[in-house]
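1. predicted model and sequence below, questions to follow.
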Amino acid sequence: MSSVTTFPCKNPDSRFDSGPGTVPELLWEKQDLLVPRYDDAIFSRPELSQMLSDAEENRRVFKACSRDRSGKIISGLREWARRAVLEEAVRYTSELTGKDIELPEDFNERLLLITGHQPALYHPGVWVKNLLIGKVAQKTQTLSLNLIVDNDLVSSTSIRVPQGTRSAPFFSDISFDESIEKKPWEETTIQNKDLFCSFAERTEQALEQWPELSSPLLSEIWPAAIAHMKVSDRLADCLVAARHAQEQRWGIENLEIPISRLCQTSPFLWFACYLFKFAEQFRNTHNEVLGEYRRVNRVRSKTHPVPELTEQDGWIESPFWIWRVGETHRHQLFIKRDQNRILLSDGKNVITTLPMQENCDLSAGIKVLKQLSAQGIRLRTRALTTTLFARLFLGDLFVHGIGGAKYDEMTDRIFTRFFHLTPPRYMTLSATKYLPFCQPFDIQQCDETCLLQVLRDLDYNSDRHLNANQLPKAASLVKRKQVLIHEQQKVREDRAKAMNQAERRRHNRQRFREFKQIDAELALLTSNLRDQINEDLVSVRQQIKANEVIQSREISFALYPEQVLKQLFDNLKYE
C-alpha cells in the first residue's frame, strides 16, 4: 500500500474554491436510460465516437481551474491520487497475471478511462464496459482501469444455465462455490475447492443438450481461476483472474484494482477526511439533491436510488461503510465533531478519533485512518462516493452502466453545489447479446394483447365474427340487437324530455338483460372460433414464456461461445 503522504498544500480549506463566480448547474431532466431489448444492440450516451473528445474536454476543464490557486490544488490532488491508485493497480494486476507490469513514466500525461463493477460472472452487457475502455487503450496511448467493487455484497455463488426444451426452457443454477450468508466480496473466500474446480466440467455437462454451446468460454477461462487459488483464496480474485485472462487473449491490458485496496491509499483517505470534516454540509447537499432527483423522476421509494443521510444527537451519517473483519453486515458510518477532533462510529461504538483543526492539513487524520486496517476495521465507499472519488480525482472519463448512471445524475449536482466544480462528463454504456442456444419464437407481447381483444369482442360483438354460413341463422338476433342499440341512442338523445328517472332505469335494465341474452345466443354460434382463439392464446403465452429464457440478457458471459462475444467486442467502434 502507498505510504502516508502529506498533501502539498499550505491552505487546504481553499482547495475547492473555484473562484468568485458561481459554477453553472445542469437543469434537472428526466433521463431516458433504457436497456437495449434487441439482440446485438449497443446503447451508449453519448455516442462512442465522442468518447475521447469528452475525456479530453474533462481534462481541459480541470486544468482550466488553474485560473486561481484552487486549480493548482485540484491538479495536485489528481496527480497524487493517480500515482497512488495506479501504482496499487499495477501491483494488484501483476499479482493477478503473474507478470511484472510497469506504470508508464508519462502516466499523468495520458488519458485515463475508468469503469467498474462487482467481481461477478456478469452478463455481456456489463462486460462491454471493460472491453470498450480496453479497446481504446489498446489502439491509443490512453490508460484503462477497472474498479473491482469488492465492498459490495455477494449476491450469488452460482450462475443460471438454460435447461429443458425450446418450447419449455427454464434456468437451473450451477454453483461455483457453496452458498454463503451475504457478506462483502472482500470477506468471501472459496469454501469448497472441489466444487470450485469442477464448476466448468459440471456446466459443460449441463449444456450438452444445446449443440450451439458445445464450447462455452468458461472452458477456456476457468483454468486461470483455478490456478489463481494458489495466489489467493478470495473468491473475487479468482473470478477476476478468469475474466482478465480472456481480456488479455484479445489484447486488452486493463489495470485492475479492488475497492478494498483503493480505500487504503492515502489520497482516498484524504478524500474521506475531507468529507468527515464537512460532514454536515455534505449531508445537506446530498439530501437536497436526492429530494430533487426523486421529484424529477417521480420516485416514492425511501431507498432509491440511495437512502437519505441521517443525523441524530449530533451524529451525522457519512456516505461510507464500516465494519470489522469477519462481519457479514456493513454498518453506516457516523461522524461527530468534538472541538478539535472528529469521532467515527458504526452507530453503536466509537471506532476511532481523528485530530482535526480548522486550519491544518489532513495528514494527521490520514495517519489514524491508515491504522484501521491493522486493527481489522474496513472503511469503504458506497456507490455514490466510489464514482465521486473516481471522477474527481482519478479518471478523465468514467464509463457507467445504466444503473450507475442513475447515481451520477445526483453526483453531477454534488460536484456543483458541494465542491463548486463543473462536473466532468461521463459515458453510459450497455449492450444486449442473447445466448445462442436456440432460436427465439417470432412472437411479441402485442400478439397476446390482440388475441385477448378478440376474445373480449366475441363476448359482446360475436356478430362481427360470423361467417357467411352463420349469418342467416343469426339474422333475427342481429336485427333485434340493432333495434336495441337504436333505442339506447334515442333515450340518450331525448333524456331531458323523456320518461322519469325510475321508468328510464327500468327500461335500461330490461334492455341490458335482452342485450345479454342476444350476446349469449350469438356467442354459441362462434364457439368454435372462441376455442381456436383460446388454443392460440395458450400457444402464444407458452412462446412468450419461452422467449423470457431464450432472450434473457441476464446470462453470464462465461456460457457464450468465444466467437459470439468476439463479434460483440468487434462491434464496439469508437472511431
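-> Received, thanks. Numbering: from 1, shown residues only.
2. the biggest helix by length in the chain - what's its average pLDDT?
-> Ranked by number of residues, the top helix in the chain under DSSP state H is helix 69-97. The average pLDDT within helix 69-97 is 87.
3. and after the helix or strand containing residue 369, which helix or strand comes next?
-> Under the criterion DSSP states H and E, the helix or strand holding residue 369 is helix 363-370. Per DSSP H and E, helix 363-370 leads on to strand 377-381 as the next helix or strand towards the C-terminus.
4. that following strand pairs with which strands?
-> strand 315-324 (antiparallel) (DSSP bridges).
5. re earlier: pull out the buried residues from the longest helix of the chain.
-> 70-71, 73-74, 77-78, 80-93, 95-97 (16 or more other Cβ atoms under 10 Å). Where C-beta positions appear, they are placed from N, C-alpha and C, glycine not excepted.
6. repeat that for stretch 247-262.
-> Of the residues in stretch 247-262, those buried under the neighbour-count criterion (16+ other Cβ under 10 Å) are 247-248, 252, 254-262.
7. with stretch 532-548 instead?
-> Along stretch 532-548, these residues count as buried under the neighbour rule (16+ other Cβ under 10 Å): 533, 537, 540, 543, 546-547.
8. work out the gap between it and the centre of the chain.
-> Centroid separation between stretch 532-548 and its chain, computed with Cα atoms, centre = their mean, to the nearest Å, is 32 Å.
9. hmm, who's touching it?
-> 166-169, 440-441, 443, 445, 447-448, 451-452, 454-455, 458 (Cβ atoms under 8 Å, 6 or more residues apart in numbering).
10. equivalent analysis for stretch 118-126, please.
-> Where contact means Cβ under 8 Å, 6+ apart, the residues beyond stretch 118-126 that reach it are 35-36, 117, 148-150, 152, 155-156, 159, 176, 185, 235-237, 239-240, 242-243, 258, 401, 430-433, 553-558, 560, 565, 568.
11. now that we have these, which of them are buried?
-> Taking 16+ other Cβ under 10 Å as the criterion, what is buried in the contacts of stretch 118-126 is 36, 117, 148-150, 152, 159, 176, 185, 235-237, 239-240, 242-243, 258, 401, 430-433, 553, 555-558, 560, 565, 568.
12. looking at those, which are in helices?
-> In helices, judged by DSSP H, the following of those are found: 235-237, 239-240, 242-243, 565, 568.
13. who are the neighbours in contact with residue 228?
-> Taking Cβ under 8 Å, 6+ apart as the contact definition, residue 228 lies against 96, 237-238, 241-242.
14. need the residue closest to the centroid of this structure.
-> In the chain, the C-alpha nearest the mean C-alpha coordinate belongs to residue 403, at 3.0 Å (Cα atoms, centre = their mean).
15. in which helix or strand would I find that one?
-> Using DSSP H and E, residue 403 falls within helix 402-417.
16. just residue 288 next, same as before
-> For residue 288, the enclosing helix or strand under DSSP H and E is helix 279-297.
17. tell me the mean pLDDT for that helix?
-> With pLDDT averaged residue by residue, helix 279-297 scores 95.
18. got the contact list for the next helix or strand after that helix?
-> Heading C-terminal from helix 279-297, the first helix or strand you meet, by DSSP H and E, is strand 311-312. Defining contact as Cβ under 8 Å, 6+ apart, one finds that strand 311-312 is touched by 280, 283, 317.
19. wait, isn't the second one in contact with residue 332?
-> Translated: residue 283. No. In this structure, residue 283 sits apart from residue 332 without contact. The criterion is Cβ atoms under 8 Å, and the distance is 12.0 Å.
20. could you tell me which residues touch both of those two?
-> In terms of Cβ under 8 Å, 6+ apart, residue 283 and residue 332 are both contacted by the residues residue 317.
21. thought residue 406 was touching residue 290?
-> No. When contacts are counted by Cβ under 8 Å, residue 406 is not listed as touching residue 290 (11.6 Å).
22. now do the phi/psi pair for residue 156.
-> Torsion angles at residue 156 (phi, psi; degrees, to the nearest 10) stand at phi -160, psi 150.
23. could you list the buried residues of the helix or strand encompassing residue 475?
-> Secondary structure assignment for residue 475, by DSSP H and E: helix 471-493. Along helix 471-493, these residues count as buried under the neighbour rule (16+ other Cβ under 10 Å): 474, 477-478, 481, 484.
24. mean confidence score for it?
-> Per-residue scores along helix 471-493 average to 73.
25. ok, residues contacting the helix or strand just after that helix?
-> Counting by DSSP H and E, the next helix or strand C-terminal to helix 471-493 is helix 501-525. Counting by Cβ under 8 Å, 6+ apart, the neighbours of helix 501-525 from elsewhere in the structure are 458-463, 466, 470, 473-474, 477-478, 480-481, 484, 487-488, 491, 495, 498-499, 530.
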